[in-house]
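Student: Predicted structure and sequence below. I'll ask about it afterward.
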Amino acid sequence: QLPLVESGGGLVQPGGSLRLSCAASGFTLGQYAIGWFRQAPGKEREVVSCISDSADSTLYVDSVKGRFNMSRDNAKNTGYLQMNSLKPEDTAVYYCAASPTFSLCYFHRVDYWGQGTQVTVSS
């Protein structure tokens, strides 16, 4: 069983919304910071958003501020990324990751990666 599994991706029109989920198994996600990353074709993987283990700290890349919201439900061992007002440039494979430290936002000390879920924004 994979330690992190993303779901919720799909095809959506510009201006639409999607909610991605990141479900953990085999470890207690509540002890880890969670990050969402994305990789578009021909581009490097970039950070989208991070949330600390206690949810008292969050980080968003400038391009998604005000549109995306990250949350977590430690009782369900799951993290979420609510994406609103989606744009074609948001099209990418979205990955979640977990780390004991918030520095996963900078690709440091990532203990777990998910397999990714495709998000396509197109009319």
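Tutor: The structure has been received and is ready for your questions.

Student: what's the closest non-adjacent residue to residue 93?
Tutor: Spatial nearest neighbour of residue 93, chain neighbours left out: residue 116 (4.3 Å); criterion: CB to CB, 6 or more residues apart in numbering. Placement of C-beta: from N, CA and C, glycine included.

Student: contacting residues for that neighbour?
Tutor: Applying CB atoms under 8 Å, 6 or more residues apart in numbering to residue 116 gives the contacts 6, 39, 93-95.

Student: Look up the pLDDT of it for me, please.
Tutor: Listed pLDDT for residue 116 reads 97.

Student: Repeat that for residue 37.
Tutor: 97.

Student: returning to that earlier point: distance of the residue nearest to residue 93 from residue 72?
Tutor: 19 Å (CB to CB, to the nearest Å).

Student: for the residue nearest to residue 72 when sequence neighbours are not counted, which residues make a bridge with it?
Tutor: Using CB to CB, 6+ apart and skipping residues adjacent in sequence, the residue nearest residue 72 is residue 79, 4.5 Å away. As for beta bridges, residue 79 partners with residue 22, residue 72 under DSSP bridges.

Student: please begin residue numbering at 9 from this point
Tutor: All set: I'll call the first residue 9, so the last point we hit is now residue 87.

Student: Burial check on residue 87, number of neighbours?
Tutor: 30 (other CB atoms under 10 Å).

Student: isn't it right next to residue 104, touching?
Tutor: Yes: with contact defined as CB atoms under 8 Å, residue 87 and residue 104 form a contacting pair (6.2 Å).

Student: what touches both of those two?
Tutor: Going by CB under 8 Å, 6+ apart, residues that sit against residue 87 and also against residue 104 are 30, 42, 44.
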